[in-house]
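> Make a model of this:
(2 chains)
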Amino acid sequence: MVICINCEIFGMDYFEIIKKDQETNARAGILRTPHGEVRTPSYVVVGTDAAVRCVPPEELPRTKTQLIIANTYHLWRTFGLNPRPAERAGSPEHFPRENVLGKNLETFEGLHERMKWNGPLMTDSGGFQVFSFGFGRAHGLGKMMPRSSESGARSFKMGENLVRVTEDGAYFTDGGEELYLDAETSIRIQEKLGADIIVAFDEPTSPLHDHTYTKESLVRTHAWALKSLKARTRKDQMMYGVVQGGAFEDLRKESAEFIGKQAFEGFAIGGSYGESMGAPREQMLSVLKWSVPYLPEGKPRHLLGIGRIEDVFDAVELGMDTFDCVIPTREARHGSIWSALGRFDMRKGMFEKSDAPLEEGCGCIACAEKKITRGELRKLFKSKDREAGHLATLHNIYFFNNLLEKIRTSILEGRFSEFKEEFLRNLR
RNA sequence: GCGCAGGUGGCAGAGCGGUCAAUUGCAUUAGACUGUAAAUCUAACGCCCAUGUGGCUACGGGGGUUCGAAUCCCUCCCUGCGCA
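Numbering: from 1, shown residues only, chains lettered A, B, ... in the order given. Below you'll find the model as predicted:
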């Protein structure tokens, strides 16, 4: 039985499961949003600052992108009541600076218009920034906590905690200003931004948090979830509730059960993962195993911030439908190309004279249309040409979107497990 | 031929008596990146044993001064610029 506030708008079948895998919890479906359908499982491309970095909007339709996620905190800072230049919001030619300045949210034209993207959009609530600018920054942590012994661990320096969390919300120190964000504000901003899917305000925790703090935080996140629901005024946006609970089985179950019962159109699983019990990846899988059974079968499930190849296969297998992740876009800018064989750092000397395509048979603009070779891409990277990040991003987002399309097809054809096994076997 | 300026690790280029196996950048090598503090960051980078306040060879070649030289002097070779 589907219970949701906006069912009369979205209809009972805004999320339709077309095929369920026999052996696993994988499912293929269609998520219908006001700006079009998302065939699931699907990757969600990250466009934090209202632009997929390095990709002009007109090229997005040729990347198999179905759904893009932008960020409430960053957009609030950029376009909101405290406007500041969107320095990272896309390259200048695609995103004229003058259009960014002097606007505020009251007159904001909407994300779709701004991004020149008419497809499905979602916004994250700003909840992740409560963690990443706060505890995460103070401890040099990201989404996945490295093993302390690994070389290269903690590449990014620890810094000052810029966030103070209270029962009601979070105070951010940002550029000398203090900003306050809470559930009501986050939802008000997300309604102004106007994405098809919005996310309840939450506080992610890390494996470094003990049970006491995690529980405390969970109570807060649950209260914020209810406030988020209550704060909504638009009928044309779906809202996803977020499951937290850190690395603790009891808290994850409690959270999934509580959040799963609320009148959200969909559910997201959040948090950061680490080695408090095994490797980060295994911990994440445990979290999914604990949480998913409590989430309603008939509603979409989103895994926040996850998206390497193995992660996506495992998460689909455990019943997740959508995944957003910066890996394709960020690593593209950092020089890595993803392929069915794994990840390659195109800056390495071994590619200097390579005439091979980035990936054999790839249909992305860089491979299929521009016929860029590895050697050419390496040269662009080495000369710090902006085109390098552009081409690599086009390739990587196509690769992941295409991978999810193949996963979806394999589910529909009843051969998900075989496909997974075969694909992972060929990875380096 | 004369004058001037130079010759430093793969390259560029600091250092100008000890704290120099030598700053820095590039290149190279390895690593990291998972709801975007990130088109970024970390590390290695003469040779050897690899335990080290370790051994060796090194700042064009040779010689000298000095307790001590990449740094000062002499000489040779080479490069650039100017004048013949």
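
> After the helix or strand of chain A with the lowest mean pLDDT, which helix or strand is next?
When the helices and strands of chain A are scored by mean pLDDT, DSSP states H and E, helix A:7-10 comes last with a mean of 60. The first helix or strand that comes after helix A:7-10 along the chain, using DSSP states H and E, is strand A:15-20.

> what residues does that next one touch?
The contact list for strand A:15-20 (Cβ atoms under 8 Å, 6 or more residues apart in numbering) reads A:26-32, A:265-266, A:297-300, A:411-412, A:414. Heads up, the C-betas are built off the backbone N, CA and C, glycines and all.

> before we move on, what about stretch A:368-387?
For stretch A:368-387, the surrounding residues in contact (Cβ under 8 Å, 6+ apart) are A:54, A:91, A:335, A:337, A:344, A:346-348, A:351-358, A:362, A:366, A:388, A:391-392.

> Which ones, among those, also lie beside RNA strand B?
Filtering the contacts of stretch A:368-387 for proximity to RNA strand B by Cβ under 7 Å from any atom of the strand leaves A:54, A:91, A:335, A:347-348, A:352, A:388.

> I'd like those written out as JSON lines, with secondary structure, neighbour count and pLDDT added.
Shown next, in JSON lines, are these (DSSP: H, G, I helix; E, B strand; the rest coil; neighbours: other Cβ atoms under 10 Å; pLDDT from 0 to 100):
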{"residue": "A:Cys54", "secondary structure": "coil", "neighbour count": "22", "pLDDT": "97"}
{"residue": "A:Ser91", "secondary structure": "coil", "neighbour count": "15", "pLDDT": "36"}
{"residue": "A:Gly335", "secondary structure": "coil", "neighbour count": "18", "pLDDT": "98"}
{"residue": "A:Arg347", "secondary structure": "coil", "neighbour count": "15", "pLDDT": "97"}
{"residue": "A:Lys348", "secondary structure": "coil", "neighbour count": "12", "pLDDT": "96"}
{"residue": "A:Glu352", "secondary structure": "coil", "neighbour count": "12", "pLDDT": "95"}
{"residue": "A:Ala388", "secondary structure": "helix", "neighbour count": "24", "pLDDT": "98"}
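
> Tell me which two of those sit farthest apart.
A:Ser91 and A:Glu352 (26.9 Å; Cβ to Cβ).

> wait, what's in contact with the residue nearest to the spatial centre of chain A?
Computing the C-alpha centroid of chain A and ranking residues by Cα atoms, centre = their mean puts A:Asp324 first, at 2.5 Å. A:Asp324 makes contact with A:43-46, A:69, A:122, A:124, A:302, A:304-305, A:307, according to Cβ under 8 Å, 6+ apart.

> Then A:Glu37?
A:Glu37 sits next to A:30-31, A:66, A:120 when contact means Cβ under 8 Å, 6+ apart.

> Please repeat the previous calculation with a cut-off of 7 Å.
Applying Cβ atoms under 7 Å, 6 or more residues apart in numbering, we find A:Glu37 in contact with A:30-31.

> gap between the helix or strand containing it and the chain center?
Counting by DSSP H and E, the element that carries A:Glu37 is strand A:36-40. Centroid displacement of strand A:36-40 relative to its chain, using Cα atoms, centre = their mean, to the nearest Å, is 16 Å.

> Each with direction, which strands does it pair with?
Its sheet considered, strand A:36-40 pairs with strand A:27-33 (antiparallel) by DSSP bridges.

> any idea of the mean pLDDT in the strand it pairs with?
What strand A:27-33 shows for mean pLDDT is 98.

> Mind listing what's buried along the helix or strand that contains A:Gly260?
Using DSSP H and E, A:Gly260 sits within helix A:249-261. Within helix A:249-261, the residues that qualify as buried are A:251-256, A:258-260, counting by 16 or more other Cβ atoms under 10 Å.

> how close does A:Ser228 sit to A:Pro146?
32 Å (Cβ to Cβ, to the nearest Å).

> Next up, the contacts around the residue lying farthest from the centre of chain A.
Most distant residue from the mean C-alpha position of chain A: A:Lys353, 35.4 Å away (Cα atoms, centre = their mean). Counting by Cβ under 7 Å, 6+ apart, A:Lys353 makes contact with A:Gly375.

> Could I get the full set of strands for the stretch 201-350 of chain A?
Applying DSSP state E, counting those that start in this stretch to the stretch 201-350 of chain A gives strands spanning A:238-243, A:266-269, A:301-303, A:322-325, A:336-339, A:342-345.

> need those in JSON lines with mean pLDDT, can you?
JSON lines is the format used below for the strands of the stretch 201-350 of chain A (pLDDT from 0 to 100):
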{"stretch": "strand A:238-243", "mean pLDDT": "98"}
{"stretch": "strand A:266-269", "mean pLDDT": "98"}
{"stretch": "strand A:301-303", "mean pLDDT": "98"}
{"stretch": "strand A:322-325", "mean pLDDT": "98"}
{"stretch": "strand A:336-339", "mean pLDDT": "98"}
{"stretch": "strand A:342-345", "mean pLDDT": "97"}
